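Chemist: predicted coordinates and the sequence they were generated for:
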Amino acid sequence: MMKRPFPSAASSRRDEMRSQGRDGARVPGRWSAGRHIGSPPRRSRLGSTLLFGGLALAALAAITVGFLLGMVPATLVRDELVRDVKVQTGRDLVVAGQTSVSFFPSLAVTMSDVSLSPPPGMAGEPTVRIRRVDATVPLSALFTSRVNVTSLLLTDPVFDLRVDRQGRRSWEHTDQWGAPPSISGSSPPGHQRAPRSRSIEDTDIEEIRIVNGAVRYSDERTGMRHEATGLDLTISGGSKGNPIKAEGNLVWRAERLGFSARLGTSPSGQQNRPVDAAIAVRSPHLTVDYRGMAALGDSPHLDGTLTIGAPSLKGLADWLGAGPPARDFGAVAFKSRIRGSTASLALMGAELTLAGSSATGTINVDTSGTRPHVRADLKVSALDLDAYSQPAAAAPGSAGRPPTAAGAAPPSAQGWSEDTIDLGPFGIADIDAKLALGRLTYGGMHVGQTSATVTLKNRVLRVSLDDARLYEGRGRGVISIDGTGGEPAVSVDLVFDQVSMLPMLTDAAGFDWLAGSTNLQLRLAGRGASERAIVESLSGSAAVRVVDGAIVGINIPQVVRSLRQGRFSDFTQVGTEKTDFTEMTANFRIEGGVAETENLSMLSPLMRLTATGTVDLGRRQLDATLRPRLVGSLSGQGGAQDLAGLELPIRLSGPWSEPQLSADIDAVLKDPDKAVEAIKEIGKQLDGSGLGEVLRKLLGDDKGAGKSGKSGSFLDDLFK
């Protein structure tokens, strides 16, 4: 008996069609090739595996093609990124514009109007605001757990770097200023974290580009604000152990700066390990170079050499808004070993050179507080503060004074400044510094070797002069300036020993007619918005003792002797004349900028002189009555004050730079007995004849010796 042959493929197909209705549904009970259709066919296990495996691969291919054709919504990419940023940083990433995903020629994500909020608890503008973000990712990243971003382009970003009133920095993580740290894999309070396969920590970026960016810095504690625009920056490298390179430029204070950096990379898991670093900044006014080590992990720090140079100090100061110095001192150079972190900075072996002067020492800056705290120990060869504050050209009103070597009139000849004193620098930092100066020029005064301690705390400046050598003598004391109010309050407590009076007063105030070795004690206090206002408000006391001195320009004993001999010598100052004395003392009471004395005393071998009067410090005016008396004693210091002799009151008045001397007729009339004796002495020499002529010259009477003149009236009043 022959077995039924195995049906052919065509007959099987026909049987299959016959077993189906018109709608293609299977008709139960039909047979095909002598076999009931409902009976399962016999197949091998390998065939079933290949069949279902093929179907699975086909389905996977279809899904992949659908994904590549954009079937995955862009909102899913955006939402995943927003959620991950929130988990990792605690900040809100806001994408206000459109998000799109493209797949040709590579996978790319584009987002517009993107912003990143400040850290939790800090109000204000977003830390970063970007008009457009473009990220390019290779397609292979779809099948790995770590994303490799080929390029990240930020167009028109604005970075807001802000320090709030509590000292918190917007660019730091919250755990750096006291908030609970954000732990990877944990969620903020009230946030239920969904499972994820990748995070922003699983991302490598080969290149970051910033186009037309802006950086804004503000400190709400001090009101300081800075802004840089036109930021173009490219950052590349960092993968497979290659160094990170950055290069770009920006515009700050209307000047374009170029900068570059090269930073080595640490092995995986060793973010705090120091690596080689090089940073350079270039502009027409400033160059900065750093070479050394750097660590940029949780506690970034530097350890290397810093070099700063400027071709012109005047140009640099003008660009930085510090106000140009009086003249250009040429190039300035600074070099130092630097070691620092985000909380502190140390400059060791610092060297500064400028206009032939140099400074060396150490500087430490602590930035962990409200204001930077600077501690310094410096040695300075020379410091000319006047050069940075006085104009290069002679000031109006300084005519007739010899110019300085630089072509400018001495500060003393220019009067007190009425410019408003800027207290802004008082709030920049706190300072504790020890200074050793080889030479100092300030306010026209020249000071030699000086050791001083400078402190600035809470806007109060205190300068302690431990030992200052000046004008052949020494000085010590304290100068304080309180900048906590709307205008500075100044206090001075200074002692000078054996200082040469003539050059010191000439340099300080244009007071060039009193010489001698001087001991001086000053205790003053004043307040005002300008130098003039402070001087006009001064109150306190002053005590002065001058030995082996002279009043330069006039010989007072010679004037008195001429009267006794019947001759009149006027009070015109002559540079070759002087009144020598062995000792002069005076105490001054100062109120409202006016110093008053009632006990000035001067001793010399042939003359005794007493004086009373005032010195108007604000107006730089004198008004005093001198009472010289010729005596027969040759004793000087310690000589008797009440020796008999001829006394002629002389008035000293006018600007203290060029005071005028004249006979004080008012003082004569106040003491007629002494006046009668003086006239008698003069009359004895003249036998009465010519007395009126002498009095006319003495009293400045230009109307003759008749009764209509001062001399005639004077004689009538005395002798009736």
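Modeler: Arrived safely, thanks for sending.
Chemist: by mean pLDDT, which helix or strand of the protein comes out lowest?
Modeler: Every helix and strand in the chain was compared by mean pLDDT, DSSP states H and E; the lowest is strand 31-32, with a mean of 36.
Chemist: which parts of the helix or strand where A346 lies are buried?
Modeler: Taking DSSP states H and E as the criterion, A346 maps to strand 344-354. By neighbour count with 16 or more other C-beta atoms under 10 Å, strand 344-354 contains the buried residues 345-347, 350, 352, 354. The way it works is simple: take the backbone N, C-alpha and C, and place the C-beta from them, glycine included.
Chemist: report pLDDT for the residue nearest to L286 when sequence neighbours are not counted.
Modeler: Take L286 and drop its neighbours on the chain: the residue closest to it by C-beta to C-beta, 6 or more residues apart in numbering is A310, 5.3 Å away. With respect to pLDDT, A310 scores 93.
Chemist: and A310, how far from A663?
Modeler: 61 Å (C-beta to C-beta, to the nearest Å).
Chemist: same deal with D419?
Modeler: 41 Å.
Chemist: of these two, who's got more company?
Modeler: Neighbour count, other C-beta atoms under 10 Å: between D419 and A663, A663 has more, with 21 against 11.
Chemist: quick one: the more buried one and R651 touch, right?
Modeler: Yes. The criterion here is C-beta atoms under 8 Å, and A663 meets it with R651 at 7.2 Å.
Chemist: surely L263 meets I244?
Modeler: Yes. Here L263 lies in contact with I244, judged by C-beta under 8 Å, at a distance of 4.5 Å.
Chemist: so how far is R132 from G223?
Modeler: 33 Å.
Chemist: who has more neighbours out of the two?
Modeler: Of the pair G223 and R132, R132 is the one with more neighbours under other C-beta under 10 Å, namely 17 against 9.
Chemist: would you agree that one is in contact with T110?
Modeler: Yes. With contacts counted by C-beta under 8 Å, R132 reaches T110, the gap being 7.0 Å.
Chemist: for this protein, just list every one of the helices.
Modeler: 9-18, 45-66, 74-89, 313-320, 386-389, 501-509, 531-536, 556-564, 665-670, 672-686, 691-699, 710-719 (DSSP state H).
Chemist: if I average pLDDT within each of the ones you listed, which one is lowest?
Modeler: Comparing mean pLDDT across the helices of the chain, the weakest is helix 9-18, with a mean of 45.
Chemist: what's E658 sitting at in phi/psi?
Modeler: phi -140, psi 70 (degrees, to the nearest 10).
Chemist: counting neighbours, what do you get for it?
Modeler: E658 has 12 nearby residues by other C-beta under 10 Å.
Chemist: so how far is L652 from it?
Modeler: Distance from E658 to L652, by C-beta to C-beta: 11 Å.
Chemist: likewise D616?
Modeler: Going from D616 to L652 by C-beta to C-beta gives 13 Å.
Chemist: which one's more surrounded, those two?
Modeler: Here D616 and L652 are set side by side on neighbour count (other C-beta under 10 Å), and the busier one is L652, at 21 against 17.
Chemist: ok, and the closest non-adjacent residue to the more buried one?
Modeler: Leaving aside its chain neighbours, L652 sits nearest to A624 (4.7 Å; criterion: C-beta to C-beta, 6+ apart).
Chemist: per-residue confidence for that neighbour?
Modeler: pLDDT, A624: 91.
Chemist: you'd agree R651 is up against T612?
Modeler: No. Using C-beta under 8 Å, R651 makes no contact with T612, being 11.2 Å away.
Chemist: what sits in contact with each of these two?
Modeler: Shared contacts of R651 and T612 (C-beta atoms under 8 Å, 6 or more residues apart in numbering): 624-625.
Chemist: neighbour count for the two, which is higher?
Modeler: Counted by other C-beta under 10 Å, R651 and T612 do not tie: R651 has more neighbours, with 21 against 15.
Chemist: beta partners of that one?
Modeler: With DSSP bridges applied, R651 shows beta-bridge pairing to T625, S662.
Chemist: distance check, it against R627.
Modeler: Using C-beta to C-beta, R651 is found at 11 Å from R627.
Chemist: got it, and G330?
Modeler: Using C-beta to C-beta, G330 is found at 56 Å from R627.
Chemist: more neighbours: which of these two?
Modeler: Taking other C-beta under 10 Å, G330 and R627 do not tie; R627 has more neighbours (18 against 13).
Chemist: the more buried one contacts P649, doesn't it?
Modeler: Yes. Using C-beta under 8 Å, R627 is in contact with P649, at 5.4 Å.
Chemist: how about low-confidence regions in the stretch 201-350 of the chain?
Modeler: For the stretch 201-350 of the chain, applying pLDDT under 70 flags the ranges 201-203, 239-240, 267-272, 297-298, 322-327.
Chemist: how about the strands in it?
Modeler: Using DSSP state E, counting those that start in this stretch, the strands of the stretch 201-350 of the chain run over residues 203-205, 207-219, 224-237, 244-252, 255-263, 275-282, 287-295, 301-310, 332-341, 344-354.
Chemist: now those in TSV, with distance to A509?
Modeler: Converted to TSV, the strands of the stretch 201-350 of the chain look like this (distance: least, C-beta to C-beta, whole Å):
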stretch	distance to A509
strand 203-205	67
strand 207-219	41
strand 224-237	37
strand 244-252	43
strand 255-263	41
strand 275-282	45
strand 287-295	43
strand 301-310	35
strand 332-341	32
strand 344-354	29
